[in-house]
Every structure is written in C-alpha cells, then in structure tokens.
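**Q** Provided below for reference: sequence and predicted model.
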Amino acid sequence: VSSSDDEALLRSDVRTMGALLGDAISQHHGPEVFEKIEALRSMAKASRLAEADAGGSRLGPMVDFVSGLSEPELVVISRAFAHFLGIANAAEAHQRCRRLAEDSRREGAEGHLGALHETKRDSTAGVLAGFLDGGDGVRRDRAHRAPHAGQPPHAPREARAGPDRAHRGRPDPAVGHALRAEGARRRAPAGDRVDMADGRGVEGQAQSAERGREGDAGPRDGALGGPAEVPEEARRDHEGQDGGGVRTAAQGESVQVRVVDGRRSRRGAFDDVCNLALTAHTRLAGTKGNPNVVADVTREVTLTNRLKAAELFEKDVRELMSLISGNPPRGMNDTCQTESEAMDKVRARAGVESRAPFRSYLNPVATKLGKTADWARQELSKLQGEATPANTILPEDVYLSSDELMDELLTVHQSLVDTGNAVVANGRLVDVIRKVAAFGLTLVPLDIRQESDLHSEALDCITRYLGLGSYLQWDEGARVSWIDQQLQSRRPLLRAGVWNEPGSEEFFTPTAIETLETFQMISEQYEGSLGAYVISQCTSASDIMAVLLLQRDAGVERPLRVVPLFETLDDLNGAPATMEQLFSIPSYIGSLERMKQEIMIGYSDSAKDAGRLAASWAQYETQVKLSEVAKKFNVDQVYFHGKGGTVGRGGNPNTFDAIVSHAPGTVNGQFRVTEQGEMINQNFGYSDRAQRTLDIYTAAVLAEQHTHRPLPSKEFKYMMDKLSDISCEAYRRIVRGDERFVPYFRAATPELELSNLNIGSRPAKRKASGGVESLRAIPWIFAWTQTRLNLPTWLGVGEAISTVLASEDGPLLRKMYDEFGSFNTTIDLVEMILSKSDATIARHYENVLVTDPKAKELGQEIRDIHDETERAVMDLTGHSKLAEHDLLLSRLMSVRNPYVDCLNVLQTETLKRLRENEGSEKEDILKDALLTTITGVANGMGNTG
C-alpha cells in the first residue's frame, strides 16, 4: 500500500465512522443538535483559513455561537467533538495496525519472517542485520537484561479504561473492530462485499454519553481495570479480538520473541525458551502518596491479580492438554520407553502404561491452578469480612510461586524435545512458558511507592517511643549511623502492632501507623506479589536506608528492592554523592541482591522544577555520574525512567531514538520505563501494535549496547551547562519569581477545576496548601495542554538559545545541535510541541477568564516569550517553519485543529459559567461539560504538553 493510498484509507475510515457518529447523534438528540454541531464545525474550519490578528478575533463567530448554547447543549456538543477525536485516534491506531499487517504479508511473500524489517533501523531484525552476529551474546542480552514496563498508579482518568471509553484517550475496541471489519470488506472480492452495517460501537458511545460523570476512580478501580484485564486477551495468540491495556502485551511478547528467535536461528544462535522481551510491573494500588491507598487495598489487588493469573494459566494448561494429546507426539509408543530424566518425571506421575502421558501429567497442574484461583477467592472473601468456608483451602495446597509452575511446564518441554518432538515442544507450549516467565502468578508484581517524609515520621515515632529522642531532629550523619547500627543488629525495634495498643497514641501518629501497617502488609505477601519499593522525594542516604530498616523490623523475609526516586534538580545533582555514601556502608551494600541497584529518574517533577532543557541535561549528566559510582563499587545499576506520555513529562513519541540517545554506559541492555495509562493502549492496545512496540524496545536496547557512542566532549558539556543555567534561570524567573504567575495560572487554565473533577486516581496536590511547587506534575502539564500554550515544555529554551547564538559561542551551539544526539532530540521535541501550540487559543482563555490587569500583562509577556522561542528554535534548526520536516504531523494537526478549537471555545465558556455558578443547580451539568472538553482536548493533542 503506497503512502498516498494509506492516507486515503485513513481519511475514508474517519469519514465512515464520523458519518455513523453523526447518524447516532441525530437519532438520539435530534437533527437540531446535529445542525448546531455542523454549524460550529464549519465556523472552526473557516476560522483556520482566516489570518490570526492581535486580538484573536478569528474566534469571534465561534465564541458568539457557543455563548448562546444552553448547558445541556454544551454537554452534548462537547461530547460530539470529543467522540470524533476519539474516533480519529482509533482510526490512526487502526492505520498503524494495517501497516504492520501489510508488512507481515510482504515479509511472508519474501520468504521468511523479518525480511522486510531488515531495512528498518528501528526494528530488531534491522539491528541484528546491521550490528550483530546473532551469537550467544544476543541470547544473553535478551534473556537476562530484559526491559521492564511499569504501569503507574495515576493514569489520567481521560485515558483510562472505563465504560465511557470515548471520553478517554484510548480508542474504543468497538470502533477498532468496526474498522477492521471495514478493512476486511475492502479486501474481499467485489461480488462478495457487504455494506458495513455495524455502527453499534459509535452508537454505544452516544448512548454512554447520557450516563454523565461516573463516581470517583480510586486506586482499586484503576488496578482492577488494569492488570485484571490481562487474562482474556493475553491467552489468545491467534484470535482477532484486540483491546486496550496490558492484556495484549503477552500476545506481542510471544510474537516478538519468535521473530528474534527466527532471526537468530538463521545465524546459528542458541535457542532459549525463557527468552524474554519484557517483564511488567504496576504501581496501581501500590502508591502510598495517594491517601486512598491503604494496606487493605494493596492486599485486595494482589489477591485479585493472583486469581486472574490462576484462571488464565488454568485455561492455557487445559488447552495444552488438548493440543498435545490430540496429536500424539512422535516416538511416544505404548510403553513409552524413551530414556530421559524429564520423561521419567512424566512417567512417574502419568503411569508407565498411560497412552496420553502428557495429558495425564498436566491434568493435576490444571487442577492445582483451579484450586489456586479458589484459594484467592477465599482469601478475598476473608478480607471483605465474609465467613471462612468449611472446606478451607490451605496455602500449601496451591501454587504460590511461579517457579513451581515453570518447573512443571519445562519438564513437559524437555520430555517432548528428548523424545524427538521439538516442533511440538516449541509451539504453543513455549508461548505459555514465556508468559509465565513474564507475568508469573501475579500477572504484574505490585510496586510500593511512598514519600520519604512518611518513613522519617514513622522512625521519629519509633525513636520517641523507645526514649531515644526525635529522629526528625537528628542531622543526616546521626540518622545514617543509627540506622546502620540497627541493620547490623538482629533485634527488632518494635513488637508488631504495638502502635495500636492503649497509650500508643501519645507516640504514633495516624500517618505513621498507616506507614507501619504497610510494612506489615508487605511481610504477609507471598512470593512474587510485590516488586520494588520506590521512595519518592528522596534526598539523602538516610531516606533509602530507612526503608531497609522498616522492612527488617516488620519481618519481611525477602525484602523488596529499594529504589530511590530522584526528582528535583537539586536531588538529581546530589544523587551521585548520595549513592556513593550508601555504597560505602557495608550494611547497605550487603543488602543488594546480586549487587544490583535500581534507581528511578524523575522526569516530570524535575522538568516542573527547572524547565525542560535544564532538567533533560541534569537527567543525562546524573546518570553518567551515577554509572561511574556504580562501576567504582562493582554494582550493576539499572535505571527506572519515570517518564510520562507527554513531552513535558519526559516522553518522546520516537521510542527508538529516545532510548538510543541515553548517555553511553547507562542502559547496558537493561532498563525500566513507565508506560503511562494514556500510552498503554496506544502501544499495547492491539496485539500487532504490542509486538511492534516490543520490537522497537528490543531493537533500541540492542542498538544502544552495540553501537559506539562517545560521551559529549568537554566543549559540549560546557555548552550544555551554559544553556542549562540560562534556561533554568529564565524558567524560574517566571514560574517562581513573578508574583503574578500563580494567579494567572489559576485563572487562565482549568487547574483549580482539575482537582475537583474525576481526572486522576491521586490528589492533584501533594499537600492541600502551597503553590506550583506542591502541584503534581500531571495536572501542571495537563492544565497548560488544555489552553494549547504548553508552557512547561518550552519556557526558558528560547532565551537560552538566543543568548548563546548572539554570543561568541554561537557556532559551537550550532555544531552541538548537529553532532550531539541527546541535545538534538530535545530541541526537535520542543520544536514539535511549539508547532502544535496555539497562542491565539491561549489568549482567548485569558480574555474570557482572567480579570486581574496585572495577570493579563503577564499573559501577554508569556506569549511574547513564546513567539521569541519559536524564532530562536527555527534559527538554530535552520527551518523556515516549525517542524517543517514532519509532514505527517502537519497533515494530522490540520485535520484535528478545527475540532480541538471547538472544544477550547466550549471549554472556556463552560469554565466561565462554572465559576459564575459555583454551588448552584447548574454546577453538576457544567462539570459534565468541562470533563468532556478536557478529555476531548487531550484526545486531540496526543503527546503534547
């Protein structure tokens, strides 16, 4: 399919689904409403053809029209435009899948899997063909240094799973199925075609719009709507039902590993059935920064995950029983006398005379998995206060460790290989083995995340209870010394539950009690339920050692690996000294399992603290210095990249370049990355898309490890330091230093309303009081994305570039842009965001919502800085137009902009009325409208922000 044909098909898909949406709106709301929608859409298209003037009057007709709408009309019309952008997202996702399917067909025609991809630099086959010899070194990279994908706890509501999917960033599966059906119709012979009649997915969107706002989405809902979705789709390798979330990752995993296996086998590489491309973790219901996450919520989610995993693998094993016994393996005669240690195990259980030994061997495995699911249900019932059943299932009668299940499956695999049935062994059985290796009996281990201050508060309560004074009043040296002494002692500090005894309230605060209960909960969990313990707001060695001590004191037999999260600019700069201090302490270095240390790099908060340019350089330089420290102490260091989906939160739509541009020596074939809720569906929502995502990750990790890339030269480091200093000062001058900024931000954006709407699973602020510094990164980015100004991504960048270009260092800056990949990538991302920004829309928000004259003055100054930044970036890149090299982006935004413009005008009108009618009977319906416009703008802007 040529690119022009591909674009034509995309336009056709959008028109087809848009027509169905229009029919559904007319049917459910009447032709009058549909005519108003069409009228507003026509105005938006006309306004885009008009020249923007200083007053932004091109929006005038739209503003006048929207001001005359009733509140119910605001809701319905906002939903129509939000639905359309959701359809556009689904159509683009379908287009990507269509390309992948066409590639697969072409690969098959060329004779082997991966032939086409050998020409793609961001594919595993391309990297293997270009860089590697396909030997055992590649096997080791794949088997032992797999990327980890982490699902965060706070996926924005607009992008999460839920009944009203059209209001989220994730495409509705019904729309995807309809588009795939239409694609099949087009490929059918002309005489066999039937008209596409299944518009139920779009009609369902219109009907679901009547439900209004749903209840608050808490961590339990997010968790049970995330990992709990894995089973049905994860167990199907060849069925064409795709959906969102993690559930298709297993399909993509199986296909991706088989692609690499096929590529390597042609080069004579050794095959390893446990080869993995990805393992998954989640922080859903594990984030203690959310006050709604209490210990019982975490208990419930881990049990639910075990229940779903057991159900999943029971179905898999019973399917294997049918496949293997339905086609008796070659060499398995009646007496089954083949010599094999593995076969002896099969015979011992199945019986020497069994004519279906593998079925007989696997039947108890399936039965035990069923009992494991029943046990998880039993424990969930007990947790919810229900009576324990008479026939209680004991933990020793079920699978608690995936190792036991893996041993059973590997025994069958080896038996088949030993009896000359490698083809059968390496079929569906290998896929199940790899699924167990990747997802285990918990689907996704749950990471615990807690702020360091809460650990310090808990230790302060303990030291005061023990009569040792106040831990919080000790200096850092005293804290580290005391914790080190306790870690070397076997004696616990407290008796479990002492904090709940009469009189304890004098010493233990409610917050400290919940923290200590969390560690007790950790001690009760079975193997594999939990992953890492991430410490947010980590600033010192004692912050990290405190978690070790609290785990030890709670009796955690296999302590969770402790992962410090360095977030702010100061924390990043201080991280190397912190880790060097830790590695010098015997009690800490001795706690590292296999001498491996994981460190999380905070992208969102560091960018909010210092601006995108200064933060990106600090992240780069910190990782280089941390790697040098780890090498000094012979520690195997793994970085956990806490990026969001948007550019302002560290995201990069070009995953391959993002990974390859990391500092040399910091990836080393292994890394963890956060897949935010809004990106999970985009990257893993369809099995073929999931496979391609894993293909890119694998290719990038291999390319990064096997491509020589020097560290930046001394002169480039000097230049980056200079740019960082200038940009940080310029960013903080506005965000922190200008007293007009916070009032302007809160008036000109929906920031205040975001905290009152059901957008995320965590509070918008870490603390109830405070300014921008207390605001979480998601609402900070999200608020500016809504107004299309996208300030966090570019503020400070223009002043840094223009200042240096005007100095004697100008030629060096241009050279660095051409030669230093990390800097080039950062500037290109900033340029992309600037191309999607719209100062006219931002001015409209100000005109409607800002009343303070001083705040209005600041708004004009910020827009002037925005324009200056555009000119500076184009001067550096040599482009006459922003992102002029990205024709696809230009075409996509030319289609989307009119629809997003409508939502922006609808949103400003809604915000105006909501602020004027706070506490009135109109408030609820206006919140419905606002939520719809927020999710619609997010759908339209994608990775912007």
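**A** That came in fine, so what should we check first? What you see is a predicted model; the values in this text were computed from it and never measured.

**Q** Thought Ala699 was touching Thr655, still the case?
**A** No: in this structure Thr655 lies outside contact range of Ala699 using CB atoms under 8 Å: 9.4 Å. For glycine as for every other residue, the C-beta is placed from the backbone atoms N, C-alpha and C.

**Q** got any ranges where the stretch 501-650 of the chain has weak pLDDT?
**A** Low-confidence segments of the stretch 501-650 of the chain (pLDDT under 70): 644-650.

**Q** in the lengthiest helix in the chain, what counts as buried?
**A** Criterion DSSP state H: the longest helix present in the chain is helix 71-109. For helix 71-109, burial by neighbour count (16 or more other CB atoms under 10 Å) applies to 71, 73-95, 97-98, 100, 103-104, 107.

**Q** helices and strands around the following helix or strand past that helix, which ones?
**A** Next helix or strand after helix 71-109 toward the C-terminus (DSSP states H and E): helix 124-131. Contacts defined by 3 or more CB pairs under 8 Å, 6 or more residues apart in numbering; DSSP states H and E place helix 124-131 against helix 249-265, helix 687-706.

**Q** average pLDDT for the helix or strand that the longest one is followed by?
**A** What that stands for is helix 687-706. Proceeding N to C from helix 687-706, the next assigned helix or strand is helix 714-735, under DSSP H and E. Averaged over helix 714-735, pLDDT sits at 98.

**Q** Sort out which residues of the helix or strand just after helix 714-735 are buried, please.
**A** Counting by DSSP H and E, the next helix or strand C-terminal to helix 714-735 is helix 741-748. By 16+ other CB under 10 Å, the buried positions in helix 741-748 come out as 741-742, 744-748.

**Q** could you say what helices and strands helix 741-748 packs with?
**A** So helix 741-748, by 3+ CB pairs under 8 Å, 6+ apart, packs with helix 839-849, helix 853-877.

**Q** from the chain's centre, how far out does that helix sit?
**A** In terms of CA atoms, centre = their mean, to the nearest Å, the gap separating the centre of helix 741-748 from the centre of its chain is 29 Å.

**Q** Also stretch 630-641?
**A** 23 Å.

**Q** Next, the distance between the ends of that stretch.
**A** With CA to CA, to the nearest Å as the measure, stretch 630-641 spans 17 Å from end to end.

**Q** got a list of contacts for that stretch?
**A** 148, 150, 532, 534, 563, 565, 579-580, 583-584, 589, 592, 594-601, 603, 623, 626-627, 629, 650, 666-667, 670-674 (CB atoms under 8 Å, 6 or more residues apart in numbering).

**Q** before we move on, the earlier item: got the buried residues of helix 741-748 as a markdown table, with pLDDT and distance to Asp570 columns?
**A** Below are the buried residues of helix 741-748 laid out as a markdown table (pLDDT from 0 to 100; distance: CB to CB, whole Å):
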| residue | pLDDT | distance to Asp570 |
| --- | --- | --- |
| Phe741 | 96 | 21 |
| Val742 | 93 | 21 |
| Tyr744 | 96 | 26 |
| Phe745 | 96 | 23 |
| Arg746 | 93 | 26 |
| Ala747 | 96 | 30 |
| Ala748 | 96 | 29 |
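
**Q** Closest one of those residues to Arg495?
**A** Val742 (47.4 Å; CB to CB).

**Q** Which helix or strand contains Gln637?
**A** strand 636-642.

**Q** Could you point out the helix or strand that follows that strand?
**A** By DSSP H and E, the next helix or strand past strand 636-642 is helix 655-660.

**Q** gap between stretch 596-611 and the chain center?
**A** The answer for stretch 596-611 is 15 Å, by CA atoms, centre = their mean.

**Q** Can you give me the buried ones in it?
**A** So, applying 16+ other CB under 10 Å, buried residues of stretch 596-611: 597-611.

**Q** Would you mind writing the CA trace of that stretch as PDB?
**A** Presented in PDB, the C-alpha positions along stretch 596-611 are these (Å, rounded to 0.1, in the frame of the first residue of the first chain):
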ATOM      1  CA  LYS A 596      22.100  -4.800  41.600                       C
ATOM      2  CA  GLN A 597      20.900  -1.300  42.400                       C
ATOM      3  CA  GLU A 598      17.800   0.200  40.700                       C
ATOM      4  CA  ILE A 599      17.500   4.000  40.600                       C
ATOM      5  CA  MET A 600      14.500   5.900  39.400                       C
ATOM      6  CA  ILE A 601      15.000   9.100  37.500                       C
ATOM      7  CA  GLY A 602      12.100  11.600  37.800                       C
ATOM      8  CA  TYR A 603      11.400  13.400  34.500                       C
ATOM      9  CA  SER A 604       8.100  15.100  35.300                       C
ATOM     10  CA  ASP A 605       9.000  16.800  38.600                       C
ATOM     11  CA  SER A 606      12.500  17.800  37.500                       C
ATOM     12  CA  ALA A 607      11.000  19.500  34.400                       C
ATOM     13  CA  LYS A 608       8.400  21.200  36.600                       C
ATOM     14  CA  ASP A 609      11.200  22.300  38.900                       C
ATOM     15  CA  ALA A 610      13.800  23.600  36.400                       C
ATOM     16  CA  GLY A 611      12.300  23.600  33.000                       C
END
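
**Q** show me what contacts the residue lying closest to Leu560 once chain neighbours are set aside?
**A** In space, and not counting its chain neighbours, Leu560 is closest to Tyr533: 4.3 Å by CB to CB, 6 or more residues apart in numbering. Tyr533 sits next to 447-450, 522, 547, 551, 560-563 when contact means CB under 8 Å, 6+ apart.

**Q** coming back round to it: buried ones in the strand holding Gln637?
**A** Here strand 636-642 shows 637-642 as buried, counting by 16+ other CB under 10 Å.

**Q** Please apply the same query to stretch 495-512.
**A** 499, 507-508, 512.

**Q** which residues in this structure form strands?
**A** 148-151, 279-282, 446-451, 530-536, 561-566, 596-602, 636-642, 672-674 (DSSP state E).
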